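**Student:** Mind looking at a prediction? Sequence and model below.
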Amino acid sequence: MVIVNKPLLLAAALAALVFLVLHLWLGEVRYHQPALASNMTAEQKGLYTVLWHAISIIIALSAGAFFAAARRPAIRPAAWLALIQFCLFMVLDLAVGLFRLGAPWPLIQWLIILPIVLLAGWGLLGPGRRAEIQPIASDMGWRVVPPVHLNDHAEKE
C-alpha cells in the first residue's frame, strides 16, 4: 500500500496555487507587460506571451497533481514529475541569477518555489517514514532487489 502525507501534499498544492496567483498578478505587472511594451518584434512578443502562459499552465497542473496525489496515492508519479519540474525551475532561476545577473536575488522565484519543493517532497515520501527508494521505484514500474546481508547466509548454515 502506498502511503503519502496528505496534509503536506495539500499544503504543497496550496503553495503552488499561491505561486500561480503571484505569477499571474505580480509577474504580469513586473515582467509580462513591460516585455509587451518593449521594442521586441511582434513575433518575439507573441513567443514571450506563449512562454509566459505555458509556465502558468505548468504551475496550475502541478498544483493539481499534488492535490490529486493527496486524494489518490496512485497519482504519485504525476506529483513526482511536478516536483522534479519545480526543482529544475529552482536550478534554472539560480543558475541564471548567479551566472548572468551576478547574484541569486534578481530572480527570486526560487525562493517561492522552495517551500513547494520541501512540502511536496516530504509529502510524497509519506508520514513518519525515512526516504526509501522502494516506493519511488515501484511507482515508476521498477523492481528493487532487497540487499543481501552477509550475516543472513551465516545463520542459514
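**Tutor:** That came in fine, so what should we check first? Residues are numbered from 1 along each chain as shown.

**Student:** avg pLDDT for the longest helix belonging to the chain?
**Tutor:** Counting by DSSP state H, the longest helix found in the chain is helix 42-71. Taken as a whole, helix 42-71 carries a mean pLDDT of 97.

**Student:** what comes up buried for the helix or strand following that helix?
**Tutor:** Counting by DSSP states H and E, the next helix or strand C-terminal to helix 42-71 is helix 76-100. Buried residues in helix 76-100, counted by 16 or more other C-beta atoms under 10 Å: 76, 78-80, 82-83, 85-87, 89-90, 93, 97. Yep, even glycine has a C-beta here, placed from its N, CA and C like the rest.

**Student:** quick one on the thing from earlier: orientation of the longest helix of the chain relative to helix 76-100 in degrees?
**Tutor:** 140 degrees (axes from the mean of the first three to the mean of the last three C-alpha atoms, to 10 degrees).

**Student:** can you pull the buried residues of helix 42-71?
**Tutor:** 45, 48, 52, 55, 58-60, 62-70.

**Student:** Taking those together, which two end up most distant?
**Tutor:** Taking C-beta to C-beta as the measure, the buried residues of helix 42-71 span a maximum distance of 38.4 Å, between K45 and A70.

**Student:** which other residues reach stretch 20-27?
**Tutor:** W52, I55, S56, I59, A60, A63, I112 (C-beta atoms under 8 Å, 6 or more residues apart in numbering).
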